[in-house]
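Output the structure for:
(one chain, ligands or ions: 1)
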Amino acid sequence: MSIRINEKERLFSLETIHTEYQMKADETGVLLHVWYGLKTGSDMSSRIRTANRGFCGNPYEQQTRFDYSLDTLPQEYSTDGVGDFRSAAVKVKLENGSRSVDWRYAGYRLLKGKEKPQGLPGLRGNAETEGLEICLEDKVSGLNAFLIYWLFEEQDVIVRSVRLENRGTEVITLGKAASVCMDFPYGKKEVMHFHGRHAMERVPERMGIPQGGRLAFESRRGMSSHQSNPFIILCDPAATERQGECWGFMLMYSGNHLEEVSMDQTGSVRVVSGIHPEGFEWKLAPGENFQTPEAILSFSAEGLNVLSRNYHRVIRKEVIAPRWRNAKKPVLVNSWEACYFDFDAEKLLDLSKAAKDLGMEMLVLDDGWFGKRNDDTTSLGDWVCNEGKLGCSLKELSERIHETGLKFGLWVEPEMISPDSDLYRAHPDWALQDPGRLPMVSRRQLVLDMGREEIQDYLFNRISAILNDAQIEYIKWDFNRSVANCWSGALPADRQGEAAHRFMLGTYRLLERLTAAFPDVMIEGCSGGGGRFDAGMLYYCPQIWCSDNTDAIERLEIQKGTSYGYPVCAMGSHVSACPNHQTGRTVPLETRGVVAQTGTFGYELNPAKLTDEEKQTVKQQIEAFHRYETLIEGGDYYRLDEGEEDYTAWMVVSPEKDEALVSFVATHVRSNGAFPLVRLQGLEPETVYRREDTGETVTGAALLQGISFGQMHGDYPAVQVRLKEMKNEK
Ligand code: GLA
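This is a model prediction of the structure:
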């Protein structure tokens, strides 16, 4: 039994294979957060100590106990306005203007059979997945919080969300509804977050937490954003890739989000994460409820690599749709960097034939095939093929591409509308924009009001018509601007604070309908590269274009940063032409292949323009990818280059530990420099492995001590070492 409840003590323990999560409703009825760490099998609540800290008020029921304060006790879902002066998990406004909320424990319910949060993506689970729901009640307002916990034992993951229900008689306006709040009363902590920008996403940064202060990692762009991923890690200051305690907080949401990390007067650290409260307001009439997105939590006592692997496993198994889990995905060639907007059917067919000769398996026709679109200024919303430009219909093109032996994929950007489009001319009110104000434009486009059902229906019908008409196996779903002027013509003035979240609910609903209607069409998410790389999108899109930056050396950083929370199988990664279109850098084709292989693998260039020698290399890369695909996409991933400045190295090990692939890229070759020694991980010490590159046989124990790559030469050389257990060697 992974959920233990001590009824008398009102103590709740949730256990996964290695971890335990505890909370307790105390004698006041306040739900205290007791423990999240290694499995203990004991009541950990004796660690909660109280003292009169001064200026920490006491709830009325405890007015004689100056040591009992909501401001100093570890809270499971913090209140507002009633004496906890740290970050609140929830903010409300009642009809009389009162802004306080004060939770008391009101019971629990065991859950079995995973349910998805209403209207939102959620971990999939199955009929056996166990969960717990704890009810907290605010007697005065009638606002109840149902704290929902689901256990994913194998992956050491606990999923939290909250349903706020108005059981009172008046309207309650929510101003904040976090998915998770957690207090850490003991020990110094550091936080890692993943910032970035277009073409350089998910850059890890690690920092201390200011005492008496608060760090905020956030997006208010209507998308999870390039600038701040909805994922943070709290860790012991001594934690490394290989050791130390760390806690992950990943929000399964693709819109505005806020992760607050604060340290109070006594050194207690609080994390609160959820939908961004700024600009958010949600009216709950009596009987109505609001469901927060899920937060995916994990703990590792063995460093960051283990924490990352917990996320990789849970995303592969419980987030990505079963249809695409472990599915072999076609090696694609994308038309974007090959021809941008300049193509017709003949050019695409030439590209297809050249791609087929090298072993590529799918042509993706990127932007520019619809409306009057010959540059990025028009036609979004007019999802009708530009037959004049192509020289044939989409159906005909898809058939001819298939005749060359390739599958066919298509780019769309459904949530957008160009002012210069037939759609906008017919429905100017479909775009989000403030009344009486000229809207912010970005790439000359506006954003559709996705919360409106008629807009979802229009997009569903248009996209369905295309998918029914032409032979299409793949869609690239783009999102190329931040959301501003988030005012919806469909909502009354006092509900405009709902527009941004309703936008996300609308997008999710459309994706839900399309993936149900076309289960065999794979959708790759994209947002100017990786601007919406989050667990919410991964629920619908088994892979996401990691970045518009295809420079292999920069990609090393981007993919490494992404790997802290997300699996390799989700990272869209292509070999592109050199000099690279973003940086002008030239990197050997072999190295570009090694980098792109640690991802979904494909090409973003015109294969016809390659030299004969390059064509041979590409053929070999594709063959190698097919050989390693199962290992790369389903294996255990380890970052190996902690603190190294001159190289990046990583490896994947098969779950059985009988095979591994080590990848190494020198990012700075030094004359007469130190030899890099890469200490491998994850291998079985007793097992004897054969190194495919040198033919040597070596024990796992020796490999764990490291392999030396010797003196490197040239620009950005790469080495790949495949290891195979001797007895199973094929
Ligand atoms: C975004 C994507 C690119 C490409 C262009 C097309 O920037 O990230 O890969 O599809 O849009 O306009």
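
Point out where the protein drops to low pLDDT.
1, 728-730 (pLDDT under 70).

Direction included, what does the longest strand seen in the chain pair against?
Assignment by DSSP state E gives strand 172-184 as the longest strand of the chain. Applying DSSP bridges, strand 172-184 is found paired with strand 90-93 (antiparallel), strand 269-275 (antiparallel), strand 282-284 (antiparallel).

Pull the distance from it to the chain's centre.
The chain centre lies 21 Å from the centre of strand 172-184; the measure is CA atoms, centre = their mean, to the nearest Å.

Return the set of buried residues in the helix or strand just after it.
As assigned by DSSP states H and E, the chain's next helix or strand after strand 172-184 is strand 190-197. By 16 or more other CB atoms under 10 Å, the buried positions in strand 190-197 come out as 190-196. Where you see a C-beta, it was placed from the backbone N, CA and C, and this is true even at glycine.

what does stretch 599-617 give?
Across stretch 599-617, burial judged by 16+ other CB under 10 Å covers 599-608, 610, 614, 617.

Widest-spaced pair of those residues?
Farthest pair in these (CB to CB) is Gly599 and Ala608. Separation: 23.9 Å.

count of residues packed around the residue nearest to Val92 when sequence neighbours are not counted?
In space, and not counting its chain neighbours, Val92 is closest to Val101: 5.0 Å by CB to CB, 6 or more residues apart in numbering. Using other CB atoms under 10 Å, Val101 has 25 neighbouring residues.

returning to what we had before: among the buried residues of strand 190-197, which one sits closest to the ligand?
Within the buried residues of strand 190-197, the smallest distance to the ligand is 14.0 Å, found for Gly196 (CB to the nearest ligand atom).

That closest one and Gln227 touch, don't they?
Yes. With contacts counted by CB atoms under 8 Å, Gly196 reaches Gln227, the gap being 6.0 Å.

Go through the buried residues of stretch 599-617 and name the one nearest the ligand.
Nearest to the ligand among the buried residues of stretch 599-617, with distances taken as CB to the nearest ligand atom, is Glu604, at 8.0 Å.

and the gap between the closest one and Gly142?
55 Å (CB to CB, to the nearest Å).

Tell me the secondary structure at the residue nearest to Gly381 when sequence neighbours are not counted.
Excluding its sequence neighbours, the residue lying closest to Gly381 (CB to CB, 6+ apart) is Leu423, at 3.3 Å. Classification of Leu423 using DSSP: H, G, I helix; E, B strand; the rest coil returns helix.

Same check on Ile5?
strand.

That one: neighbour count?
15.

contacting residues for it?
11-13, 108, 110 (CB atoms under 8 Å, 6 or more residues apart in numbering).

Please identify which pair of those lies farthest apart.
Leu11 and Leu110 (14.7 Å).

higher neighbour count, these two?
Leu11 (19 against 10).

For the stretch 351-500 of the chain, which segments are assigned as helices?
387-390, 394-403, 422-426, 453-469, 499-517 (DSSP state H, counting those that start in this stretch).

Show me the contact partners of the last one.
When contacts are defined by CB under 8 Å, 6+ apart, helix 499-517 is touched by residues 119-121, 222, 253-256, 275, 279-280, 282, 321, 414-415, 432, 447, 449-453, 455-456, 459-460, 463-464, 477, 483, 486-488, 491, 521, 523, 536, 540-541.

Report the buried members of those.
119-121, 222, 253-256, 275, 280, 282, 321, 414-415, 432, 447, 449-452, 455-456, 459-460, 463, 477, 483, 486-488, 491, 521, 523, 536, 540-541.

out of those residues, which are inside strands?
275, 282, 447, 477, 523.

Assess the claim that the fourth one and Met522 are in contact.
No. Applying CB under 8 Å as the test, Trp477 and Met522 come out as separate, 10.5 Å apart.

Quick check: neighbours shared by those two?
With CB under 8 Å, 6+ apart, Trp477 and Met522 have no common neighbours.

residues in this protein within reach of the ligand, list them.
Contact residues (CB under 6 Å from any ligand atom) of the chain with the ligand: 336, 366-367, 376, 411, 478, 480, 526, 528-529, 545, 548.

Looking at the contacts of Ile5, which is nearest Arg86?
Phe12 (22.2 Å).

who are the neighbours of the helix or strand harbouring that closest one, in terms of helices and strands?
Using DSSP H and E, Phe12 falls within strand 11-15. With contacts defined as 3 or more CB pairs under 8 Å, 6 or more residues apart in numbering; DSSP states H and E, strand 11-15 has these neighbours: strand 3-6, strand 19-25, strand 130-137, strand 143-152.

The same query, at a cut-off of 7 Å, please.
Helices and strands touching strand 11-15, by 3 or more CB pairs under 7 Å, 6 or more residues apart in numbering; DSSP states H and E, are strand 3-6, strand 19-25, strand 130-137.

Name the residues of stretch 70-87 that are buried.
Here stretch 70-87 shows 70-80, 82-87 as buried, counting by 16+ other CB under 10 Å.

gap between stretch 417-424 and the chain center?
31 Å.

Ends of it, what's the gap?
One end of stretch 417-424 sits 7 Å from the other (CA to CA, to the nearest Å).

please begin residue numbering at 228 from this point
Okay, using 228 as the starting number, the last item reads as stretch 644-651.

Would you mind pulling the contact partners of it?
598, 604-609, 657-658, 671-673, 675 (CB atoms under 7 Å, 6 or more residues apart in numbering).

Make JSON lines from these and add neighbour count to it.
Converted to JSON lines, those look like this (neighbours: other CB atoms under 10 Å):
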{"residue": "Gly598", "neighbour count": "21"}
{"residue": "Thr604", "neighbour count": "15"}
{"residue": "Thr605", "neighbour count": "19"}
{"residue": "Ser606", "neighbour count": "26"}
{"residue": "Leu607", "neighbour count": "31"}
{"residue": "Gly608", "neighbour count": "32"}
{"residue": "Asp609", "neighbour count": "21"}
{"residue": "Trp657", "neighbour count": "22"}
{"residue": "Ala658", "neighbour count": "22"}
{"residue": "Arg671", "neighbour count": "14"}
{"residue": "Gln672", "neighbour count": "25"}
{"residue": "Leu673", "neighbour count": "26"}
{"residue": "Leu675", "neighbour count": "26"}
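
Which single one of those residues is nearest to Ala465?
Distances from Ala465 to these, taken as CB to CB, are shortest for Gln672 (47.6 Å).

Tell me the buried residues in stretch 745-756?
Using 16+ other CB under 10 Å as the test for burial, stretch 745-756 gives 745, 748-756.

So which elements touch the helix or strand hosting Tyr263?
Element membership for Tyr263 (DSSP H and E) is strand 258-265. The contact analysis (3+ CB pairs under 7 Å, 6+ apart) places strand 258-265 against strand 246-252, strand 399-411.
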